[in-house]
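Colleague: Give me coordinates for this.
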Amino acid sequence: MIDMKFLRENPEAVKENIKKKFQDKKLPLVDEVIALDAEARKTQQEADNLRADRNKLSKQIGALMGQGKKEEAEEVKKQVNAQAARLEALAEKEKELNEKVTKIMMVIPNIIDPSVPIGKNDEENVEVERFGEPIVPDFEIPYHTDIMEKFNGIDLDSARKVAGNGFYYLMGDIARLHSAVITYARDFMIDRGFTYCVPPFMIRSNVVTGVMSFEEMDAMMYKIEGEDLYLIGTSEHSMIGKFIDTIIQEAELPKTLTSYSPCFRKEKGAHGLEERGIYRIHQFEKQEMIVVCKPEESPMWFQKLWQNTVNLFRTLDIPVRTLECCSGDLADLKVKSIDVEAWSPRQKKYFEVGSCSNLGDAQARRLKIRVNGENGKYFAHTLNNTVAAPPRMLIAFLENNLQADGSIKIPTVLQPYMGGKTEIR
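Modeller: Sure, this is the predicted structure:
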């Protein structure tokens, strides 16, 4: 959510930003919210004037009563009572107007960074850099579930009976590999100075609307029936929510946290052949990283965060590339975002395994995460990034470490987490 004062003073800049995101249907909202805001401020001013006048009249009543002028005092009381009724009506009107302003402000997209490429959708995202040499071996790479089944490592049929499509059982060495990757990712981030955290896996609606747009919420979140609780789609939600309605001392920044959680997503819509198996599912586990920092430091942290993911994948012998997300592919709260994609030797192309985002002060403004600095209070900046999210990461790992004889090579850094094994057969 952008600053109302900024929108009021720069309506054309806000409209231009909406155009860059190809959301022209939202253009009328700018003028509408400005008009509502003006009416709300006018109502507030009238109420403030009435309160000041009422205070004067109250003092006048006291003086008249002290002078024994009861009749005159009663007449003034009638004025005060009339003003009380008007004040109540104004307060109700002001509340209604402010709610309308907030509702509109929640759907007007955040101002994107000037460096973001302009494009309509993810097909116009821009490749930034490649890390590692993508290799296509001289033997066939089976589909990931076929690789897993050869190790008796996955059971999709039983999962369908128990929970339906979009779920799975991982078994044996494949399940162990899955846990090893998550644990290694945790330690990888702890070694880089991040504080490890296991957060709540459910959050209230005010946190949900604080960390994401209504469109994302509808497409992703599972609601707990009969309660004001949602299952998290990523631990970023509860990790940023940890700081809701807080004032952080500037000297305590940055807050750098890495968190483990299961994640639950509706994953609405039909998906293609490459998204069968465990590519796009309703439940998975993830290691995440978030930063709460001073505004001037968020560009630096943005660079650090995506580099952490790249470095992690390279230690596991997985080639990756980074993609700059174009304006039309950015969620409404995001200022700037970079996707990390891993090489698939089977598909002979890259696929997304993580996303790094700078949200500016959008989440902090919604959740009231403020910083107490030398020159007063201000809203913090928040960032998030995927460290590792099996099973997508597991798919990339299996394809890139599969050997000609069908065994899976275990990179050196992962061997301690696999009981010293150098390969699985």
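
Colleague: residue boundaries of the strands in the stretch 251-400 of the chain?
Modeller: Taking DSSP state E, counting those that start in this stretch, the strands of the stretch 251-400 of the chain run over residues 255-264, 283-293, 320-324, 336-344, 349-358, 369-373, 376-379, 381-388.

Colleague: Any buried residues in stretch 132-139, and which?
Modeller: Within stretch 132-139, the residues that count as buried by 16 or more other Cβ atoms under 10 Å are 132, 134. C-betas here are computed from N, CA, C, even on glycine.

Colleague: Same list (the strands of the stretch 251-400 of the chain) but as TSV, adding mean pLDDT.
Modeller: Formatted as TSV, those follow (pLDDT from 0 to 100):
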stretch	mean pLDDT
strand 255-264	96
strand 283-293	96
strand 320-324	98
strand 336-344	97
strand 349-358	96
strand 369-373	96
strand 376-379	96
strand 381-388	97
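
Colleague: Point out the most buried one among those.
Modeller: Per residue and on average, the most neighbours among the strands of the stretch 251-400 of the chain fall to strand 381-388, with a mean of 27 (mean count of other Cβ atoms under 10 Å).

Colleague: Tabulate the strands of the stretch 251-400 of the chain (TSV), appending distance to Gly210.
Modeller: TSV is the format used below for the strands of the stretch 251-400 of the chain (distance: least, Cβ to Cβ, whole Å):
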stretch	distance to Gly210
strand 255-264	16
strand 283-293	13
strand 320-324	26
strand 336-344	19
strand 349-358	15
strand 369-373	9
strand 376-379	12
strand 381-388	10
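
Colleague: Next, the buried residues of the longest helix along the chain.
Modeller: Longest helix in the chain by number of residues (criterion: DSSP state H): helix 27-66. Within helix 27-66, the residues that count as buried by 16+ other Cβ under 10 Å are 29-30, 33-34, 36-37, 40-41, 43-44, 47, 54, 60-61, 64.

Colleague: for the residues you listed, which one is nearest Leu312?
Modeller: Leu29 (40.6 Å; Cβ to Cβ).

Colleague: so that closest one touches Lys103, yeah?
Modeller: No. Using Cβ atoms under 8 Å, Leu29 is not in contact with Lys103, being 9.9 Å away.

Colleague: the strands in the stretch 1-150 of the chain, which residues?
Modeller: Under DSSP E, counting those that start in this stretch, the stretch 1-150 of the chain gives strands at 126-131.

Colleague: remind me which residues of it are low pLDDT?
Modeller: 57-61, 63-64, 66, 70, 73-77, 80, 82 (pLDDT under 70).

Colleague: Now do the end-to-end distance for stretch 391-408.
Modeller: Taking Cα to Cα, to the nearest Å, stretch 391-408 runs 16 Å from one end to the other.

Colleague: for stretch 360-380, same thing?
Modeller: OK, stretch 360-380 end separation, Cα to Cα: 8 Å.

Colleague: so which of the buried residues of helix 27-66 comes closest to Asn384?
Modeller: Proximity of the buried residues of helix 27-66 to Asn384 (Cβ to Cβ) peaks at Leu29, which lies at 26.7 Å.

Colleague: Please list all residues in contact with the residue nearest to that closest one when sequence neighbours are not counted.
Modeller: Using Cβ to Cβ, 6 or more residues apart in numbering and skipping the chain neighbours, the partner closest in space to Leu29 is Ile104 (5.2 Å). By Cβ atoms under 8 Å, 6 or more residues apart in numbering, the residues touching Ile104 are 29, 32-33, 36.

Colleague: circling back to that earlier point, nearest to Met171, of the strands of the stretch 251-400 of the chain?
Modeller: Using Cβ to Cβ, these put strand 283-293 closest to Met171, at 15.5 Å.

Colleague: same for the closest one, what does it pack against?
Modeller: Secondary-structure packing of strand 283-293 (3 or more Cβ pairs under 8 Å, 6 or more residues apart in numbering; DSSP states H and E): helix 172-190, helix 235-241, strand 255-264, helix 298-315, strand 381-388.

Colleague: Could you tell me how many residues sit around Lys294?
Modeller: 15 (other Cβ atoms under 10 Å).

Colleague: mind checking how far the residue nearest to Pro137 when sequence neighbours are not counted is from Phe397?
Modeller: Spatial nearest neighbour of Pro137, excluding adjacent residues (Cβ to Cβ, 6+ apart): Pro345 at 6.2 Å. For Pro345, the distance to Phe397 equals 12 Å [Cβ to Cβ, to the nearest Å].

Colleague: which one of the two has more residues nearby?
Modeller: Neighbour tally, Pro345 and Phe397, criterion other Cβ under 10 Å: the higher count belongs to Phe397, 29 against 17.

Colleague: Now for the more buried one: which residues touch it?
Modeller: So Phe397 contacts 177, 181, 316, 318 (Cβ under 8 Å, 6+ apart).

Colleague: try 7 Å this time
Modeller: 181, 316, 318 (Cβ atoms under 7 Å, 6 or more residues apart in numbering).

Colleague: OK, contacts around the last one?
Modeller: Listed by Cβ under 7 Å, 6+ apart, the contact partners of Ile318 are 342-343, 396-397, 400.

Colleague: Which member of the residues you listed is positioned nearest Ala185?
Modeller: Minimum distance to Ala185 across these is 11.5 Å, recorded for Phe397 (Cβ to Cβ).

Colleague: Which one, of the strands of the stretch 251-400 of the chain, ends up nearest to Leu97?
Modeller: Among these, strand 376-379 sits nearest to Leu97 (Cβ to Cβ), with 23.0 Å.

Colleague: Quick one: list the elements packing against that closest one.
Modeller: strand 369-373 (3 or more Cβ pairs under 7 Å, 6 or more residues apart in numbering; DSSP states H and E).
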